[in-house]
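Q: Only the shape, not the letters, is given here:
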């Protein structure tokens, strides 16, 4: 199936309120433009250098989302244009984003990443760690960050019960944070969860962003 066909399928089939992030990491400008011409405007990248190169050369109405693990020393390269950072996984990173937002006089939209999977290799806050490190007053002080919601990745498994439980846990955590840390933030409204293999379960559990790459573009390209 073509990229155009795949994009059209998702645009037409996703429920209202669920937005498609087309994961374009390692994909060429030509492949991205095929998705663009099919109507897609939100693209996700996980390497800063690759993202900056694409932002410089592709249409400026593309909404770029950074979906990978972001090193704090790389924030300055994407801060001027990034539409959303999906995987904010430390207080240190929050503070760096705050400083870049202040320098640029813009509020940078961010999602807090939580570790919901069984695998030890996933990044993200644990709920207890976040409560210890971050108090409701901290959200007010970080006034150049737009706290938009949460993000998480489920265990990579064929066991739907495990995936469903992890997505449900993230949704409950999101609802709790809405009434505690971010009760004053009306724009704390997004849940980024679900990829090509599990996005339907994510949607059932309240996802508002699904991150889909291989089911749109095919297997990732190897960059030299």
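A: Received, thanks. Quantities reported herein were computed from a predicted structural model and do not represent experimental measurements. Numbering: from 1, shown residues only.
Q: could you pull out the helices for this structure?
A: For the chain, the helices defined by DSSP state H occupy 3-13, 29-37, 48-57, 75-78, 91-104, 127-133, 136-141, 160-179, 199-204, 214-217.
Q: Mean pLDDT and distance to residue 154 added to those, as CSV?
A: Quick note: C-beta positions are derived from backbone N, CA and C, even for glycine. Shown next, in CSV, are these (pLDDT from 0 to 100; distance: least, CB to CB, whole Å):
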stretch, mean pLDDT, distance to residue 154
helix 3-13, 95, 19
helix 29-37, 97, 25
helix 48-57, 98, 24
helix 75-78, 98, 26
helix 91-104, 97, 22
helix 127-133, 86, 16
helix 136-141, 86, 26
helix 160-179, 96, 4
helix 199-204, 97, 8
helix 214-217, 94, 16
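Q: right, so of the ones you listed, which gets closest to residue 19?
A: helix 3-13 (10.2 Å; CB to CB).
Q: Report the inter-axis angle for the closest one versus helix 29-37.
A: Angle, helix 3-13 to helix 29-37, by axes from the mean of the first three to the mean of the last three CA atoms, to 10 degrees: 30 degrees.
Q: Give me the packing partners of helix 3-13, helices and strands only.
A: The helices and strands touching helix 3-13, judged by 3 or more CB pairs under 8 Å, 6 or more residues apart in numbering; DSSP states H and E, are strand 19-23, helix 29-37, helix 214-217.
Q: Residue 204: which of the ones you listed is closest?
A: Nearest to residue 204, of all the helices and strands packed on helix 3-13, is strand 19-23, at 16.2 Å by CB to CB.
Q: other SSEs contacting that closest one?
A: Under the contact criterion of 3+ CB pairs under 8 Å, 6+ apart, strand 19-23 touches helix 3-13, strand 42-45, strand 209-212, helix 214-217.
Q: Mind listing residues that contact it?
A: With CB atoms under 8 Å, 6 or more residues apart in numbering as the test, strand 19-23 has contacts from 7, 10-11, 14, 32, 35, 40, 42-45, 65, 67, 192, 195, 208-214, 216-217.
Q: Between its first and last residues, how far does stretch 8-23 reach?
A: One end of stretch 8-23 to the other measures 15 Å (CA to CA, to the nearest Å).
Q: repeat for stretch 186-199
A: Length of stretch 186-199, first residue to last, CA to CA: 25 Å.
Q: Touching, residue 15 and residue 203? I think so.
A: Yes - with contact defined as CB atoms under 8 Å, residue 15 counts as touching residue 203 (6.4 Å).
Q: Comparing the two, which shows the higher neighbour count?
A: residue 203 (19 against 9; other CB atoms under 10 Å).
Q: Hmm, the more buried one is touching residue 16, no?
A: No - the pair residue 203 and residue 16 does not pass the contact test of CB under 8 Å, sitting 11.1 Å apart.
Q: Contacts only, for the residue most central in space within the chain.
A: The chain has residue 86 as the residue nearest its centroid, 3.0 Å off, counting by CA atoms, centre = their mean. Contacts for residue 86 (CB under 8 Å, 6+ apart) come out as 44, 65-67, 111, 113, 151, 192, 209, 211.
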